[in-house]
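Peer 1: What would the 3D arrangement of this be:
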Amino acid sequence: MVNVYMTLRTVSVVLLAVFGLLTLISGMILATAPHGPGSGDATALGISKSDWNAIREIVAFIAAGAAVLHVYANQRALAFHFKRAVGVTPSAGRR
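Peer 2: Predicted coordinates:
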């Protein structure tokens, strides 16, 4: 039987890694692209600056969605670690 939460965890980590890396790469390309008037025709790897900007937006939204999926799939572990960091101990009658 497939554990749904383990599948969600795996998918969210892979999506975050891939799309986070793509966001980083496209951001570095845009940061090093020429700025100012007349730079709209600049290309990198055969893709125009405005297309790189559109690619980065789409990829970043997918990465943000993967982050939400990751938090959902790991909510119990996140709550445990947060409580531990704050110093809240579970009550004795609850298991």
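Peer 1: what about Ala31, neighbour count?
Peer 2: For Ala31, the count of nearby residues is 8 (other CB atoms under 10 Å). Every residue, glycine included, has its C-beta placed from N, CA and C.
Peer 1: From here on, call the first residue 400.
Peer 2: In the new numbering, first residue 400, that becomes Ala430.
Peer 1: for it, helix, strand, or coil?
Peer 2: What DSSP: H, G, I helix; E, B strand; the rest coil gives for Ala430 is helix.
Peer 1: before we move on, what about Ser438?
Peer 2: Applying three-state DSSP: Ser438 is coil.
Peer 1: ok, it - contacts?
Peer 2: Applying CB atoms under 8 Å, 6 or more residues apart in numbering to Ser438 gives the contacts 432, 448.
Peer 1: do Ala459 as well
Peer 2: 418, 422.
Peer 1: any idea how far it lies from Ala465?
Peer 2: Look at Ala459 and Ala465: by CB to CB, to the nearest Å, they are 11 Å apart.
Peer 1: Common neighbours of those two, please.
Peer 2: Phe418.
Peer 1: Remind me which helix or strand the closest residue to Val458 other than its chain neighbours belongs to.
Peer 2: Nearest residue to Val458, sequence neighbours excluded (CB to CB, 6 or more residues apart in numbering): Leu421, at 4.6 Å. Taking DSSP states H and E as the criterion, Leu421 maps to helix 403-431.
Peer 1: so what secondary structure elements neighbour that helix?
Peer 2: Where contact means 3 or more CB pairs under 8 Å, 6 or more residues apart in numbering; DSSP states H and E, helix 403-431 is packed against helix 448-472.
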